[in-house]
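K.L.:
quick one: sequence and predicted model below, then my questions.
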Amino acid sequence: MDKAENNEIPNIENRIEGPHEKTIIHISAKEYDKEWGDGRYPYNTVYSKILENLPLGELRKAFEAATKERDARMANGSYTDPIITDEAKKYAFRGIKRRSDEKPTYEHPKATLATVDENLHTHGIDAVGLRTAKNIMPGLIWDMYAFPSPNDIESGINTGIVVVYRNEPYVLPTNPGETETYFFNSPNFGQKSKEEKISVEDAKRQDYPTLRDLYIGEVEIHFDQDKSRLDPEKPHLEKYPFVTRLNLDNIINDPRHKPEDLMQVLDVEFGNKYNQDAGVWENYSLREHTLMAMGQFRKYFYDRPMPEGINKNFVELVFALHDIGVPDAIKNGGKHLQHEYTVKIMEQTFSRLDFSPQETNLATALVDGDPIGSYLKHRNPEISSQVIKMAKKSGLPLREFWETLKIFYMCDAGSYTADAGGIESLDYLFVFDRVNHTMDFSSDTKTKIQELERQIFK
């Protein structure tokens, strides 16, 4: 049937005319993980490996343009500025993360194919769902959607796919009987495509392409877990079915240790809890959330001066256990009991490990509630008295405790962000500067935080 006579925008006929390019690249997960741990921009290894392995052709030109664009934006201090380099204006990129066991992830293209025969949509060529289409970035690879974090890889999400298109306007395919479709004006500026609804009749009259027509090719990156996450020269860990102070001190006193090393020590006693659901809509396990929170602390605060009287390695240990009571709370009445159960487990554990009463009080004070999160939601002035009560329990002066609590909240809530390697959720609360390794509250959030601070110190 001739295209002009159809009453739909076709996706059935295969209009891809070759040759189109696909390249598969393997990267050592250990090498990649080290780059994250060293505090460097974590995707440098990925970009360099891709360019090393891509043959000459349009796909290589696209990645060279994306690399130059990324570097220009980082030098400019913002990833969301308009497109800076002319070559990048020719291309658009879509990132997909995938599990090796083929279980779905939220970026997986099959999640948006409920109404269309999935056999027509191999390798992410077509963007059928509106959400998926919005993840196509003109001139730029959106790294966190394309490349798994070390936490992703640990949980089985160990493949990244970058699909490359010509950066031109396009429409989404339609099903029989539909009279409207989405038209995407993929611009040469800004961050994302702009969509609007148009009639199928107008789309056919203008002969707009679908993404299948604009498809150039794709790169699939496999992150191979070839060796242990712990280097062989790291301190020896004695094998016990519970956490020991010796093993704990051997890790946290080693300047080379990473959050995953600390979690390995705690796993012998709490591994079953870490593998359970964290009770959040993002569907993280407790392990995933904990590592992302610890990762935010490492990325933005670990190498900066802490408030007086605060040891950064001790804070990292508290992060590792800050939600350890969540599984028990869910099992015994609901997640609203999480702080009660967490405090109980931490008190027992810290006592058995011979931490001082002062250290135990500080640790449990930091996890005994979420006053900042509550205030941002409800702006209840009585929350200020809760912060003062927590500070007294901690044994710290009020100002030092408040500054520590803010850091703790930023890393905990900041783990529910795309910046942490997860699903976009609480991103609006923060401003992240990856170049300078700084994290701050967004303007609206800062206003509320300052409001609470005035009530605490009045």
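P.N.:
Perfect, thanks for sending it. Numbering: from 1, shown residues only.
K.L.:
tell me the domain ranges of this protein?
P.N.:
Domains of the chain are assigned by automatic domain parsing as 3-224, 245-456.
K.L.:
need the longest strand for this structure.
P.N.:
strand 215-224 (DSSP state E).
K.L.:
about what we covered before: switch the domains of the chain over to CSV; also include mean neighbour count.
P.N.:
Where you see a C-beta, it was placed from the backbone N, CA and C, and this is true even at glycine. Compiled in CSV, those are given as follows (neighbours: other C-beta atoms under 10 Å):
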stretch, mean neighbour count
domain 3-224, 17
domain 245-456, 18
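K.L.:
turn those domains into a markdown table, including mean pLDDT.
P.N.:
As requested, those are exported to a markdown table (pLDDT from 0 to 100):
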| stretch | mean pLDDT |
| --- | --- |
| domain 3-224 | 70 |
| domain 245-456 | 92 |
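K.L.:
tell me what the longest strand of the chain is packed against?
P.N.:
strand 21-28, helix 29-37, helix 44-53, helix 58-76, strand 159-166 (3 or more C-beta pairs under 8 Å, 6 or more residues apart in numbering; DSSP states H and E).
K.L.:
quick one: it to chain centroid distance?
P.N.:
Centroid separation for strand 215-224 versus its chain: 20 Å, with C-alpha atoms, centre = their mean, to the nearest Å.
K.L.:
nearest spatial neighbour of Leu398, skipping sequence neighbours?
P.N.:
Using C-beta to C-beta, 6 or more residues apart in numbering and skipping residues adjacent in sequence, the residue nearest Leu398 is Ala391, 4.7 Å away.
K.L.:
actually Arg298, not the one I typed
P.N.:
That would be Pro259: by C-beta to C-beta, 6+ apart, it lies 6.3 Å from Arg298.
K.L.:
so the one you found touches Lys299, yeah?
P.N.:
No - the pair Pro259 / Lys299 is not scored as a contact, 10.5 Å apart, by C-beta atoms under 8 Å.
K.L.:
ok, His322 to Glu308 distance?
P.N.:
Separation of His322 from Glu308 (C-beta to C-beta, to the nearest Å): 22 Å.
K.L.:
how about Arg399?
P.N.:
9 Å.
K.L.:
the helices in the stretch 301-450 of the chain, which residues?
P.N.:
312-321, 326-331, 338-352, 357-367, 371-378, 383-394, 398-413, 443-456 (DSSP state H, counting those that start in this stretch).
K.L.:
ok, which of those helices comes nearest Asn272?
P.N.:
helix 326-331 (8.2 Å; C-beta to C-beta).
K.L.:
what packs against the closest one?
P.N.:
Secondary-structure packing of helix 326-331 (3+ C-beta pairs under 8 Å, 6+ apart): helix 259-274, helix 338-352.
K.L.:
can you redo the ones you listed as TSV with distance to Asp433?
P.N.:
Listed next are the helices and strands packed on helix 326-331 as TSV, based on distance: least, C-beta to C-beta, whole Å:
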stretch	distance to Asp433
helix 259-274	21
helix 338-352	31
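K.L.:
and Pro397, what does it touch?
P.N.:
Ala391 (C-beta atoms under 8 Å, 6 or more residues apart in numbering).
K.L.:
please repeat the previous calculation with a cut-off of 10 Å.
P.N.:
Pro397 sits next to Pro307, Glu308, Gly309, Ala391, Glu403 when contact means C-beta atoms under 10 Å, 6 or more residues apart in numbering.
K.L.:
for Ile383, see how far away the nearest residue to Phe401 once chain neighbours are set aside is.
P.N.:
Excluding its sequence neighbours, the residue lying closest to Phe401 (C-beta to C-beta, 6+ apart) is Ala391, at 3.8 Å. Distance of Ala391 to Ile383, given as C-beta to C-beta: 13 Å.
K.L.:
who touches both of those two?
P.N.:
In contact with both Ala391 and Ile383: Ile456, using C-beta under 10 Å, 6+ apart.
K.L.:
ok so, going back, greatest separation within the contacts of Pro397: which pair is it?
P.N.:
Glu308 and Ala391 (13.7 Å).
K.L.:
list residues touching both of these two?
P.N.:
With C-beta under 10 Å, 6+ apart, Glu308 and Ala391 have common neighbours Pro397, Arg399, Glu400, Thr404.
K.L.:
isn't the residue nearest to Arg298 up against Ser149?
P.N.:
No - using C-beta atoms under 10 Å, Pro259 is not in contact with Ser149; the gap is 11.9 Å.
K.L.:
so what sits against both of the two?
P.N.:
Common neighbours of Pro259 and Ser149 (C-beta under 10 Å, 6+ apart) are Leu291, Met292, Gly295.
K.L.:
and which of those residues is nearest Gln455?
P.N.:
Once C-beta to C-beta is applied, the member of the shared contacts of Pro259 and Ser149 that ends up nearest Gln455 is Met292, at 30.3 Å.
K.L.:
look up phi and psi at that closest one.
P.N.:
Torsion angles at Met292 (phi, psi; degrees, to the nearest 10) stand at phi -70, psi -40.
K.L.:
ok, now which ones touch it?
P.N.:
149, 151-152, 259, 282, 284, 411-412, 414-417, 419-422.
K.L.:
and which of these is nearest to Ser48?
P.N.:
Closest to Ser48, out of all of the contacts of Met292 and judged by C-beta to C-beta, is Ser149, at 18.0 Å.
K.L.:
residue contacts, the residue lying closest to the closest one once chain neighbours are set aside?
P.N.:
Spatial nearest neighbour of Ser149, chain neighbours left out: Gly421 (3.1 Å); criterion: C-beta to C-beta, 6+ apart. By C-beta under 10 Å, 6+ apart, the residues touching Gly421 are 36, 42, 97, 143-144, 147-152, 157, 288, 291-292, 295-296, 415.
K.L.:
among the helices of the stretch 301-450 of the chain, which comes closest to Arg212?
P.N.:
Between the helices of the stretch 301-450 of the chain, helix 398-413 lies closest to Arg212; by C-beta to C-beta that is 40.2 Å.
K.L.:
what helices and strands are in contact with that closest one?
P.N.:
If contacts are counted by 3 or more C-beta pairs under 10 Å, 6 or more residues apart in numbering; DSSP states H and E, helix 398-413 sits against helix 286-300, helix 312-321, helix 357-367, helix 371-378, helix 383-394, strand 438-441, helix 443-456.
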